[in-house]
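K.L.:
Turn this into a model:
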Amino acid sequence: MSSGPLSGLFVVDLTRFVSGPYCTMLMADAGATVVKVEPLGGDPARRFAPLFPLSEGGISATFMRMNRGKLSVEIDLKDEKGRGDLVRLIRRADVLVENFRAGALARLGFDEAVLEELNPGLIYASISGFGHSPSQYRDRPAFNLIAEYEAGVYRRGDNGPEALGPYVGDLFPGLHALSGILMALFERARTGVGTRVDISMFDSMLSLNEAAGSNGAWLGGEDGHDAVNFHCPSGVYSCEGGFVCIDVVTDRQWSSLCAVMGAPDLAQDVNLASGAQRAEAYGELLAPVLLPWLEGRTAAAVVELLTSNGIPAAVVRSPADALMSAQAGAREMRIEVSRQGAGAGLPVAANPIRVGDHLRPTSARIADAGEHSSTVLGSLSNSSGSEEG
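P.N.:
All right, here's what the predicted structure looks like:
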């Protein structure tokens, strides 16, 4: 029996791909009973590349990461019996989460009015590209890249805008959905009534990009990337055998950096008194001191020296190195996900949310498609027969 902070919460998970499954994964990690509803034959996302080899064939590595710790039932939502099964699940649920395109669940016969009638205490959370309220974009399909670029979330490459890399257009909305669900549960504890949580991936990206958007509009730049750099040195710099990130923000950090580099006079230079001034004069006055100082020093040595003097710095690591790092181990941020009896599992990032002593597992399971159909749906039939009569 789970003892996590969400223990006892029953979640019906109609989500797919990344944004929704990430939200419900965090809930499963926290002890909620998350029932993933898959179509007959299993969620097609189980077969998306890259495939992680297991004893009975491969399974999508992304699917494994996003759906660990969940129960799996197979239901045909286009079939009358399948819709009846979903009705029973909804009546039992505390939370329903879906990330279909706006209106898709309603077209299956489960609009907000029906959900409220089936379960007045239900928290109904949806994640979609552009939200469910009326807008010209509401019915558009969207994955993370669509939401990111539409909201101006990108980095500038030599040949134009480039994606950031991580699925921020999926993961950030997933976090917002979790926040909204927890707020709604708190409200339900006071009122006894469920409510709707409507998360738009575009909205989430606009919120994530708030500084660039606001600064770009305020300062008159084409976008936030054109805004003045108010901190310097701040960025990635080459050193012996790798790269280091240095992020000087305060005057004290700037003075400390000058002292560490053996150039205390720079801290008194009126032309370098502020971050904006240092950014403007970087090539002429700062680079000739900073870059030679970094030459011949490893990233680890630079970070050790700077951080010991109160200057923010970090080794620039590959994602794999970061996952397998000593810090990830110290924070218990690395677990293995596997299928029962399949041997070594896939190393994945653990749940970053810490609540007391919970959320510190070392491993997790991925269910086979429909593995829990008979037990979950059978128990609902037995417990809700009077409601059906």
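
K.L.:
where in the stretch 51-200 of the chain is pLDDT low?
P.N.:
54-56 (pLDDT under 70).

K.L.:
Now do the helices in it.
P.N.:
For the stretch 51-200 of the chain, applying DSSP state H, counting those that start in this stretch gives helices covering 61-66, 80-92, 104-107, 112-118, 144-150, 168-191.

K.L.:
Tell me how far the fifth one lies from the chain's centre.
P.N.:
So that's helix 144-150. 15 Å (Cα atoms, centre = their mean, to the nearest Å).

K.L.:
Mind splitting the chain into its structural domains?
P.N.:
10-209+328-388, 234-318 (automatic domain parsing).

K.L.:
among those domains, which is the most enclosed?
P.N.:
Compared across the domains of the chain, domain 10-209+328-388 shows the largest average neighbour count, a mean of 18 (mean count of other Cβ atoms under 10 Å). For the C-beta atoms, the positions are set from N, CA and C on the backbone; glycine is no exception.

K.L.:
Distance of the most far-flung residue of the chain relative to its centre relative to Y282?
P.N.:
Residue farthest from the centre of the chain, counting by Cα atoms, centre = their mean, is D265 at 44.3 Å. Distance, D265 to Y282, by Cβ to Cβ, to the nearest Å: 17 Å.

K.L.:
Hmm, G296 is touching E240, no?
P.N.:
Yes: using Cβ atoms under 8 Å, G296 makes contact with E240 at a distance of 5.5 Å.

K.L.:
Pull the contacting residues for the residue lying closest to L185 once chain neighbours are set aside.
P.N.:
Spatial nearest neighbour of L185, chain neighbours left out: I123 (6.1 Å); criterion: Cβ to Cβ, 6 or more residues apart in numbering. The neighbours of I123, taking Cβ atoms under 8 Å, 6 or more residues apart in numbering as the test, are D94, V95, L96, I181, A184, L185, R188, G194, T195, V197.

K.L.:
Turn those residues into JSON lines, columns for distance to L71.
P.N.:
What follows is the contacts of I123, written out as JSON lines (distance: Cβ to Cβ, whole Å):
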{"residue": "D94", "distance to L71": "15"}
{"residue": "V95", "distance to L71": "14"}
{"residue": "L96", "distance to L71": "15"}
{"residue": "I181", "distance to L71": "18"}
{"residue": "A184", "distance to L71": "22"}
{"residue": "L185", "distance to L71": "20"}
{"residue": "R188", "distance to L71": "23"}
{"residue": "G194", "distance to L71": "22"}
{"residue": "T195", "distance to L71": "25"}
{"residue": "V197", "distance to L71": "22"}
